[in-house]
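A.B. asks: let's see this in three dimensions:
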Amino acid sequence: ELAFMQRLDPFSPISSFDEASLRALLIAARECLQDNVQRVRRITRFVGSWPAGLWVYERSGRPCHVCRGPIRMRRQSTLGRSTYFCPRCQKTTPTSTTGS
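C.D. replies: The predicted model follows:
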């Protein structure tokens, strides 16, 4: 969710991001944690002041809320963790799309 919200490539190593991008990511993470601390269900997307669900998490195959392209899921690392992303909104680098 955070990588989508910041339009970051979720498959790139942390070391590839500049300090400003990482700072913005940490600020967004803090805000999401604070917004969700009392909720039973996690929310990262709001429409106006209303909770509207999630941007990409567990939405594989469904349309992106921003560009209407399909959300994708790809497993990564030896643990096979699922990563949900929008290939249109989150441009991936050639090195980040090889392997898993």
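A.B. asks: show me where this protein has helices.
C.D. replies: With DSSP state H as the criterion, the chain has helices at 2-5, 19-36.
A.B. asks: between those, which gets nearest to S77?
C.D. replies: helix 2-5 (14.7 Å; Cβ to Cβ). (Each C-beta comes from the backbone N, C-alpha and C, glycine too.)
A.B. asks: coming back round to it: which stretch among the helices of the chain comes nearest Y57?
C.D. replies: If we rank the helices of the chain by Cβ to Cβ, the stretch that ends up nearest is helix 2-5, at 8.6 Å.
A.B. asks: and the contacts of that closest one?
C.D. replies: 8-10, 25, 28-29, 32, 44, 55-56, 84-86, 89-90 (Cβ atoms under 8 Å, 6 or more residues apart in numbering).
A.B. asks: any idea of the mean pLDDT in it?
C.D. replies: Mean per-residue pLDDT for helix 2-5: 93.
A.B. asks: what of stretch 85-100?
C.D. replies: Mean predicted lDDT for stretch 85-100 stands at 72.
A.B. asks: quick one: which of the helices of the chain is nearest Q76?
C.D. replies: Here helix 2-5 is closest among the helices of the chain (Cβ to Cβ), at 11.8 Å.
A.B. asks: any weak-confidence spans in the protein?
C.D. replies: Applying pLDDT under 70 to the chain flags the ranges 48-51, 93-100.
A.B. asks: if we use 50, what do you get?
C.D. replies: By pLDDT under 50, the weakly predicted segments of the chain are 98-100.
A.B. asks: out of the helices of the chain, the one nearest C67 is which?
C.D. replies: The nearest among these, by Cβ to Cβ, is helix 2-5 at 11.2 Å.
A.B. asks: on that earlier part again, now the helices of the chain as CSV including mean neighbour count and distance to G80?
C.D. replies: Output for the helices of the chain, formatted as CSV (neighbours: other Cβ atoms under 10 Å; distance: least, Cβ to Cβ, whole Å):
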stretch, mean neighbour count, distance to G80
helix 2-5, 19, 18
helix 19-36, 12, 23
